[in-house]
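Take a look and give me a structure for this.
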Amino acid sequence: MTQQSPALRLEGIVKTFPGVRALDNVSLDVLPGEVHALMGENGAGKSTLMKVLGGIYQPDEGLIYVGDTPVVMSNPLDSKAKGIVFIHQELSLAEELSVAENVYLGELPTLSFGRVDWKTLYEKTDAILSKLKVGFNARTLVGDLSIANQQMVEIARALTVDAKAVIFDEPTASLTDAEKLVLFEVIADLKSQGVGIVYISHRMEEIFKMTDRVSVLRDGQYQGSLLTADTNEEQITQMMIGRKLDLSRAPITHELGDIALEVRNLSCGSSYQNINFQVRSGEVLGFYGLVGAGRTEIAETLFGLRQPSAGTILLDGEQMHINSPSAAIKAGISLVPEDRKTQGLVLGMNCRDNMTLPQVDDMSAGPFVSDGAEVAVFDLYRDRLDIRTPGWRQTVGNLSGGNQQKIVIGKWLSMHPKVLIVDEPTRGIDVGSKSAIHKLIRELAASGYAVIVISSEMPEVLHVSDRIVAMFSGEIIRTFTSEDVTEDNLIQAISGITPK
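Residues are numbered from 1 along each chain as shown. Okay, here's the model as predicted:
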């Protein structure tokens, strides 16, 4: 393999923004038929490097080669024309157009006088979709698809050209287990055809399952490459964050307080039925289950985004009628949502304004908002959560995913809630930031917060939770303590298997 000419090669790439050297002499090569992992913490430079490769940014220094030919990527279409295809984590689809129009956007087959050859378009698209084993066709409107199926449309785009290299950026973030298997088959097929694959992911199990080599960036600098078969999670993590990561969980040393939140016989149509649980001050209650089990829907009900069809919610023993998010916030319940981009942030606003958005009224004197009070709140939680940004004026949309998530968490912590609900707290976040957020969740519980954590990652829910609620098809199957839970009985419970 090492004697082959690379399918893709970057040499000495430098990219500087005002006040930030995002890439500092980065070199990387991808061989034909190789799956090459690119890893690093959020903010390490991975996205910037891919934007240089995709023609979105022009490098200040350095060269890009496709095969043995030096190339200049002037724009994304130019990059695709040269055989470099991107599967983005953040969807870039036109929801009002059909699947076929999205798959071949910018290169629709035409007849005479520029007319679209719809027959050919649909046939070519359906042929690609059949390889992906999806349950929709070329004529389906993208806006009618689930997020997971929209991700499959993104993947279909990669199969329309004679790709030299395909870049997958967190491709499984929105996929079900069945869809992940299809994706892995697609990657294996591309690999067998001699296509070079760049695989960007924070999921270690995928890295060790799918990749041949791993390259690591830290603070915009290349740290080295390793054969995947010759390394381990600890070595990669140390390269990423510059230190060993302590994954052990400290034993609980604080006493739990009174019941902060209690739910009795709560139901919401077909989403979930007869839900009963309690969470005490100082406790982390984890919710674990398959997609569609009803976990997020319960959180949305507690936050006033859904109205229950039956049941009771009690806060500090008092029955509550939560009919809106503002009512939930006033009662002392905060929700860090599952999707930070669309539900947790205003991407065009700066960091300070995002952080203080729920409490603008409390910081106002007449028609004016106190800038000093807002900056003080931002500074406090920037330091507490280690949010990496040049300052509060930075637009949130320009931050890395991990730092965006910390802004959302800081926003709700600044409201000093009695109950903090965190839905998928570390989705799309690197191991270093993930460890920091896990530690923060435990510290919040130790300081008296009642915390509910919803996660699709078993190691995460096992690591942070004092008790774990296992859900299946809208029902609670079993509640485990940290002492009696095992991976096996947790998997059985979320599969609907009750113990004999």
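
Please enumerate the helices of the stretch 151-300 of the chain.
Secondary structure of the stretch 151-300 of the chain, counting by DSSP state H, counting those that start in this stretch: helices at 177-192, 204-210, 233-241, 295-302.

The second one: how far from the chain's middle?
Centre-to-centre, helix 204-210 and its host chain are 17 Å apart (Cα atoms, centre = their mean, to the nearest Å).

How is residue 13 classified with respect to secondary structure?
Taken by DSSP: H, G, I helix; E, B strand; the rest coil, the conformation at residue 13 corresponds to strand.

Model confidence for it, exactly?
pLDDT, residue 13: 95.

From the centroid of this structure, which residue is nearest?
residue 428 (2.9 Å; Cα atoms, centre = their mean).

Residue 10 is in contact with residue 50, isn't it?
No. Applying Cβ atoms under 8 Å, one finds residue 10 not in contact with residue 50, separated by 10.3 Å. The C-beta positions use only the backbone N, C-alpha and C, and glycine is treated the same way.

How about the contacts made by residue 126?
Each residue near residue 126 by Cβ atoms under 8 Å, 6 or more residues apart in numbering is listed here: 137-138.

Mind telling me what element it is part of?
helix 118-132 (DSSP states H and E).

Of all the residues in that helix, which ones are buried?
Residues 118, 121-122, 124-125, 128-129, 132 are the ones in helix 118-132 that count as buried (16 or more other Cβ atoms under 10 Å).

Equivalent analysis for stretch 300-317, please.
The neighbour-count check on stretch 300-317 (16+ other Cβ under 10 Å) flags 300-306, 308, 311, 313, 315-316 as buried.

residue ranges with poor pLDDT in the stretch 51-200 of the chain?
Across the stretch 51-200 of the chain, the ranges flagged by pLDDT under 70 are 89-91, 174.

how about 80 then?
Within the stretch 51-200 of the chain, the stretches with pLDDT under 80 are 88-92, 146-148, 151, 158, 173-179.

quick one, strands of it?
Counting by DSSP state E, counting those that start in this stretch, the stretch 51-200 of the chain has strands at residues 61-66, 69-71, 84-87, 165-169, 196-200.

mind checking how far stretch 268-276 is from the chain centre?
How far stretch 268-276 lies from its chain's middle: 27 Å, per Cα atoms, centre = their mean.

no no, stretch 277-295
Relative to its chain's centre, stretch 277-295 lies at 20 Å (Cα atoms, centre = their mean).

again with stretch 345-358
Offset of stretch 345-358 from its chain centre (Cα atoms, centre = their mean): 19 Å.

In it, which residues are buried?
Within stretch 345-358, the residues scored as buried using 16+ other Cβ under 10 Å are 345, 350-356.

ok, now stretch 384-394?
385, 387-389, 392, 394.

For the residue nearest to residue 465 when sequence neighbours are not counted, give me its contacts.
Using Cβ to Cβ, 6 or more residues apart in numbering and skipping residues adjacent in sequence, the residue nearest residue 465 is residue 286, 3.1 Å away. By Cβ under 8 Å, 6+ apart, residue 286 lies in contact with 452-455, 461-462, 464-465, 467-469.

pretty sure residue 476 belongs to a strand, no?
Yes. Membership of residue 476 in a strand is supported by three-state DSSP.

give me every residue that touches it.
Listed by Cβ under 8 Å, 6+ apart, the contact partners of residue 476 are 275-277, 469-470.

Wait, residue 490 touches residue 480, no?
Yes. Counting by Cβ under 8 Å, residue 480 is a contact partner of residue 490 at 6.7 Å.

Could you pull out the residues contacting both of the two?
Counting by Cβ under 8 Å, 6+ apart, the contacts common to residue 490 and residue 480 are 468, 470.

Against residue 10, how distant is residue 78?
Distance, residue 78 to residue 10, using Cβ to Cβ, to the nearest Å: 16 Å.

Could you export the host helix or strand of residue 471 as PDB, CA atoms only?
In this structure, residue 471 sits in strand 467-472 according to DSSP H and E. Provided in PDB are the C-alpha atoms of strand 467-472 (Å, rounded to 0.1, in the frame of the first residue of the first chain):
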ATOM      1  CA  ARG A 467     -29.800   5.600  37.800                       C
ATOM      2  CA  ILE A 468     -30.700   4.700  34.300                       C
ATOM      3  CA  VAL A 469     -34.300   4.600  32.900                       C
ATOM      4  CA  ALA A 470     -34.500   2.100  30.000                       C
ATOM      5  CA  MET A 471     -37.200   2.800  27.500                       C
ATOM      6  CA  PHE A 472     -38.700   0.800  24.600                       C
END
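
Can you tell me which helices and strands that strand packs against?
Counting contacts by 3 or more Cβ pairs under 8 Å, 6 or more residues apart in numbering; DSSP states H and E, strand 467-472 is packed against strand 284-289, strand 475-481, helix 487-494.

Which one, of these, ends up nearest to residue 255?
Each of those has some distance to residue 255 by Cβ to Cβ; the shortest is strand 284-289, at 14.4 Å.
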